[in-house]
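Engineer: quick one, fold the following:
(chains A and B)
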2 protein chains.
Amino acid sequence: MELPSKYLQRAVEEMSSLPGIGKRTALRLVLSLLQQEKREVVGFAQSFIDLIEHTKMCKTCHNISDQEICGICSNPNRDKSTICVVSDIRDIMAIENTMQYKGVYHVLGGVISPMDGIGPNDLNIDSLISRLEPEGALEVILALSATTEGDTTNFYLYKKINSYPVKVTIISRGIGVGSELEYADEVTLGRSIINRSPFDLNISN
Amino acid sequence: MELPSKYLQRAVEEMSSLPGIGKRTALRLVLSLLQQEKREVVGFAQSFIDLIEHTKMCKTCHNISDQEICGICSNPNRDKSTICVVSDIRDIMAIENTMQYKGVYHVLGGVISPMDGIGPNDLNIDSLISRLEPEGALEVILALSATTEGDTTNFYLYKKINSYPVKVTIISRGIGVGSELEYADEVTLGRSIINRSPFDLNISN
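Structural biologist: All right, here's what the predicted structure looks like:
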């Protein structure tokens, strides 16, 4: 596709470098910018420059933060003895939205995936191990995706953490709340029967 | 969704101001930027600033251009007596890609749509009418979408152009090349029968 302006060409190329944005979508997005006021487009662009210049990774948990230590790690009301291991900062937001968790987090930055060339050394695993003792960790919750890669990473982490006096737990897998039983796949359904728990009137699942 | 950084918050808001980009997608896109080198992100942002600062609208046809007059209007090999009216510059690119058209264009900047508050005065119609005589236009091709709004705009333009010695034509509507007849809607199929043309061995449709 030949574009009538080299600046348009360049902007479309940059936009289509974003994951999941093809050339056609990129063109649509860039043309929508062209219909805006110059001031608005400069604000749009500046937000990404500010982002890359001013945000940091939390030195403790690798969450994104405006400070050296993120708002969760520096919050005295959070339980430092419970560390929830997640793949991505989006997972932190998802768990925070549930309002069910008061511990702290550790962002691995991915999961072990030989197919994508991601090994244990590419993830924030050493920094997880090295914070267990100083923070007096009692429990590490593994909250990775229920995929082969997630399971591989869970297994690797379990072997690493096992030599410390820390309980390793994993978030439950089973029928999603609100799901019809008949549509659950058989592996999930099987796991949910094996991992059945005492019926408790007080938990409104 | 509460984000752990105000810069991230702002970047996600800006990204989700683009059409069709929701908050979740915006977050995914912005986080992918955060994984890039600072230099790359600055280049990404700068491309939009350059775009809005340096691109112009062609004074003749309202196409996007780096010059006052776009590459198509200033090309001596294009037939200035045939003007193809389109809604959007993306339509120019689509028609150019067919390599079937050697005339020039006129970008309306939309179609008449009372529902969206777009009337004839919001479109580049006066500039179309005023170029007919000076450019010696012989034919105006209406190439708008086959929608109610497109039809309304076609009708409006026809009435306006009709008082000039200019032929008004419309791009053909019918069964899409490669489409199965049985899946065509009945209006399209009906139009394609009414607008049937002599069978010509030389046109490999």
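Engineer: what strand or helix carries residue A:146?
Structural biologist: Counting by DSSP states H and E, there is no helix or strand that carries residue A:146.
Engineer: and it, how many neighbours?
Structural biologist: Residues within reach of residue A:146, counting by other Cβ atoms under 10 Å in any protein chain shown, total 13. From N, CA and C alone the C-beta is placed, and that goes for glycine too.
Engineer: what of residue A:105?
Structural biologist: Residue A:105, neighbours per other Cβ under 10 Å, totals 26.
Engineer: can you pull the pLDDT of it?
Structural biologist: The model reports residue A:105 with a pLDDT of 96.
Engineer: ok, the host helix or strand of it near chain B or not?
Structural biologist: With elements taken from DSSP H and E, the one containing residue A:105 is strand A:103-107. No: judged by Cβ under 8 Å from any Cβ of the partner chain, strand A:103-107 stays clear of chain B, getting no closer than 10.1 Å.
Engineer: what strands line up against that strand, and which way round?
Structural biologist: If you go by DSSP bridges, strand A:103-107 pairs up with strand A:79-86 (parallel).
Engineer: helices or strands up against the next helix or strand after the partner strand?
Structural biologist: The helix or strand immediately downstream of strand A:79-86 is helix A:89-98, counting by DSSP H and E. Here helix A:89-98 touches strand A:79-86, strand A:103-107, helix B:23-34, going by 3 or more Cβ pairs under 8 Å, 6 or more residues apart in numbering or on different chains; DSSP states H and E.
Engineer: the ones you listed: which one's closest to residue B:61?
Structural biologist: Taking Cβ to Cβ, helix B:23-34 is the member of the helices and strands packed on helix A:89-98 nearest to residue B:61, at 33.0 Å.
Engineer: can you show me the CA trace of the strand holding residue A:105 as PDB?
Structural biologist: Output of strand A:103-107 as PDB, limited to C-alpha atoms (Å, rounded to 0.1, in the frame of the first residue of the first chain):
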ATOM      1  CA  GLY A 103      -0.300  -9.800  50.400                       C
ATOM      2  CA  VAL A 104       2.400  -8.600  48.000                       C
ATOM      3  CA  TYR A 105       3.300  -9.700  44.500                       C
ATOM      4  CA  HIS A 106       6.300 -10.700  42.400                       C
ATOM      5  CA  VAL A 107       6.200 -10.200  38.600                       C
END
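Engineer: list the buried residues of the next helix or strand after it.
Structural biologist: Sequence order places helix A:126-132 as the next helix or strand after strand A:103-107, per DSSP H and E. Judged by neighbour count using 16 or more other Cβ atoms under 10 Å in any protein chain shown, the buried positions of helix A:126-132 are A:128, A:129, A:131, A:132.
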